[in-house]
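Peer 1: show me how the following folds:
(one chain, ligands or ions: 2)
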Amino acid sequence: MPALLSIGTFRRGRSSRYPTKGCDVLLSESAEVLAIDARGLVKVFGNNRAVDGVDLRVPAGMVYGVLGPNGAGKTTTIRLLATLLTLDGGSASVFGHDVTTEADAVRGRVSLTGQFASVDEDLSGTENLVLLARLLGFSRSAAAARAAELLAAFDLTEAAGRQVKTFSGGMRRRIDIAASIVVTPDLIFLDEPTTGLDPRSRNQVWDIIRALVGAGTTVLLTTQYLDEADKLADRIAVIDRGTVIAEGTPSELKASVGAGTLRVRVQDPRRRARAGEVLAGALGGRVEPDPDPSAVLVRLPAEIQADQAASRATAALADLAAAGVPIADFALGQPSLDEVFMALTGHPAEDGSDPEKGPAKKSPAKNSPEKEDAA
Ligand SMILES: Nc1ncnc2c1ncn2[C@@H]1O[C@H](COP(=O)(O)OP(=O)(O)OP(=O)(O)O)[C@@H](O)[C@H]1O
Ligand SMILES: [Mg+2]
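Peer 2: Ligands and ions are numbered 1, 2, ... in the order given. Okay, here's the model as predicted:
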């Protein structure tokens, strides 16, 4: 797949992608176009406030990351915004269209690729895309051409004739995204598009996301991986227990938990305490417990920016050598999503349970459409 893949664009017949003066929404000359403007979103399932006052403002034309642990309310939030669920409170508009009163207009602008996708497993890749294109009003030849274009862009041409149920996880994720951009949406919701994928497949999906933004689509991406949001997202909202607990650029979020950790294993465990003193002194950080008797773990202080972490760590290791403490190995760790969570919430990301809300673990039925709104 080429570095910047070409996905082509087929937009529905509109002269302009965004509402403008004289259209259905009035914007002042300087107003920022908001792909999503959500205020105080609430969704309640039984006694579980799955979404509990979410505010989101997503400018058009960017990748916006929504981070959160299992059960945080990410999928529910995007289903509300994509009009697949009805709001129990708050309000939201997509490109100026209210999700409750103008749901059809919203649906005309958005596309959703879910954690569990919608292509027909028994059909081939080509058959799925041609069928969708025909349903969307393409002529027979235009449908075939669009299917071929997308399959080529997503590196699926060879597999195109095979039933989708024979696809690997990465191929499956790519055909799901292809299916959701037969007509290029103005806003696409990608719900954990890379969960469970190997590094190569993740990279392919990242290329697709970059190409989508390059083609003018706003992307709202949910993920549990900080590194993914870091690489792709212009801004990130961190959601926990149905509420946005932090919002900002990736570097703003990471800065809130410092630059990470330096872990050094010394050759002689008896020198561990000395190594801790030298490293903590050099870095201005604090030593944290490490179960390995030869290892010293130092948390870098928040003043050290992520891009300075490597050079500061190198200098600290030189101090250690100068102090006559031989090193076995070392590793510089970036702040993880868990650390961001610990810093923001005081509880680990995995610990989603809350006695007042019940377990945050997902219920098996939560993604079956027929169960939506049932609770
Ligand atoms: N249709 C439903 N009926 C009842 N409860 C639901 C339903 N959908 C979601 N929930 C509950 O709402 C909460 C939020 O779920 P949601 O799927 O939005 O989380 P998530 O952030 O997408 O999690 P994950 O990372 O596991 O996908 C969870 O407690 C979940 O069990
Ligand atoms: Mg989800």
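Peer 1: the host helix or strand of D37 and ligand 1 in contact?
Peer 2: Element membership for D37, per DSSP states H and E: strand 34-45. Yes - interface with ligand 1: strand 34-45 contributes F45 (CB under 6 Å from any ligand atom). In this view, the C-beta of every residue, glycine as well, is placed from N, C-alpha and C.
Peer 1: so what does the following helix or strand past that strand touch, helix or strand wise?
Peer 2: Scanning forward in sequence from strand 34-45 by DSSP H and E, the next helix or strand is strand 48-59. In this structure, strand 48-59 packs against strand 34-45, strand 63-67, helix 74-81, strand 89-94, strand 218-223, strand 235-240, strand 243-248, with contacts taken as 3 or more CB pairs under 8 Å, 6 or more residues apart in numbering; DSSP states H and E.
Peer 1: pLDDT on the fourth one, on average?
Peer 2: Strand 89-94 shows a mean pLDDT of 97.
Peer 1: is the residue sitting furthest away from the middle of the chain in a helix, a strand, or coil?
Peer 2: The C-alpha centroid of the chain is most remote from G324, which lies 44.9 Å away (CA atoms, centre = their mean). Following DSSP: H, G, I helix; E, B strand; the rest coil, G324 is assigned to coil.
Peer 1: from ligand 1, how far off is it?
Peer 2: Plainly put, G324 is 48 Å away from ligand 1 if you go by CB to the nearest ligand atom, to the nearest Å.
Peer 1: before we move on, the earlier item: possible to save the helices and strands packed on strand 48-59 as TSV with distance to F189?
Peer 2: Compiled in TSV, those are given as follows (distance: least, CB to CB, whole Å):
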stretch	distance to F189
strand 34-45	10
strand 63-67	9
helix 74-81	4
strand 89-94	10
strand 218-223	5
strand 235-240	14
strand 243-248	16
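Peer 1: as a markdown table, those with mean neighbour count would be great.
Peer 2: Below are these laid out as a markdown table (neighbours: other CB atoms under 10 Å):
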| stretch | mean neighbour count |
| --- | --- |
| strand 34-45 | 20 |
| strand 63-67 | 26 |
| helix 74-81 | 26 |
| strand 89-94 | 19 |
| strand 218-223 | 26 |
| strand 235-240 | 24 |
| strand 243-248 | 17 |
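Peer 1: between those, which one is closest to ligand 2.
Peer 2: helix 74-81 (3.1 Å; CB to the ion).
Peer 1: who's in contact with the closest one?
Peer 2: With CB atoms under 8 Å, 6 or more residues apart in numbering as the test, helix 74-81 has contacts from 36, 38, 41, 43, 50-51, 54, 56, 66, 68, 85-87, 92, 94, 99, 110, 112, 114-115, 189, 191-192, 220, 222, 239, 242, 366-367, 372.
Peer 1: this protein: strands as residue ranges?
Peer 2: Using DSSP state E, the strands of the chain run over 34-45, 48-59, 63-67, 89-94, 97-98, 110-113, 187-191, 218-223, 235-240, 243-248, 261-266, 286-288, 295-299, 327-333.
Peer 1: which of the contacts of helix 74-81 come close to ligand 2?
Peer 2: Checked against ligand 2 using CB under 5 Å from the ion, those yield no neighbours at all.
Peer 1: so, low pLDDT: which residues of the stretch 251-375 of the chain?
Peer 2: 259, 336-338, 347-375 (pLDDT under 70).
Peer 1: swap the cut-off to 90 and go again
Peer 2: Where the stretch 251-375 of the chain drops to pLDDT under 90, the residues are 251-261, 285-286, 288-291, 299-310, 332-375.
Peer 1: which residue, neighbours along the chain excluded, lies closest to S6?
Peer 2: Leaving aside its sequence neighbours, S6 sits nearest to A153 (CB to CB, 6 or more residues apart in numbering; 6.1 Å).
Peer 1: beta partners of S111?
Peer 2: I188 (DSSP bridges).
Peer 1: off-centre distance for stretch 236-244?
Peer 2: 12 Å (CA atoms, centre = their mean, to the nearest Å).
Peer 1: list the buried residues for stretch 287-301?
Peer 2: 287, 290, 294-300 (16 or more other CB atoms under 10 Å).
Peer 1: kindly report the same for stretch 275-291.
Peer 2: Quick answer for stretch 275-291 (16+ other CB under 10 Å): 275-276, 278-280, 282-283, 285, 287, 290.
Peer 1: ok, now stretch 190-202?
Peer 2: Applying a neighbour-count criterion of 16+ other CB under 10 Å, one finds 190-194, 197, 201-202 buried in stretch 190-202.
Peer 1: can you name the two of these that sit furthest apart?
Peer 2: D191 and S201 (16.4 Å; CB to CB).
Peer 1: OK, contacts around L220?
Peer 2: So L220 contacts 35-36, 58, 64, 66, 78, 81, 187-190 (CB under 8 Å, 6+ apart).
Peer 1: format these as CSV; extra columns: pLDDT and distance to G161.
Peer 2: What follows is the contacts of L220, written out as CSV (pLDDT from 0 to 100; distance: CB to CB, whole Å):
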residue, pLDDT, distance to G161
A35, 97, 36
I36, 97, 38
V58, 97, 38
Y64, 97, 36
V66, 95, 36
I78, 94, 32
L81, 96, 36
L187, 95, 32
I188, 94, 26
F189, 94, 29
L190, 93, 26
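Peer 1: helices or strands up against the longest helix belonging to the chain?
Peer 2: Identified as the longest helix of the chain according to DSSP state H is helix 199-214. Helix 199-214 is packed against helix 169-180, strand 218-223, helix 226-232, with contacts defined by 3+ CB pairs under 8 Å, 6+ apart.
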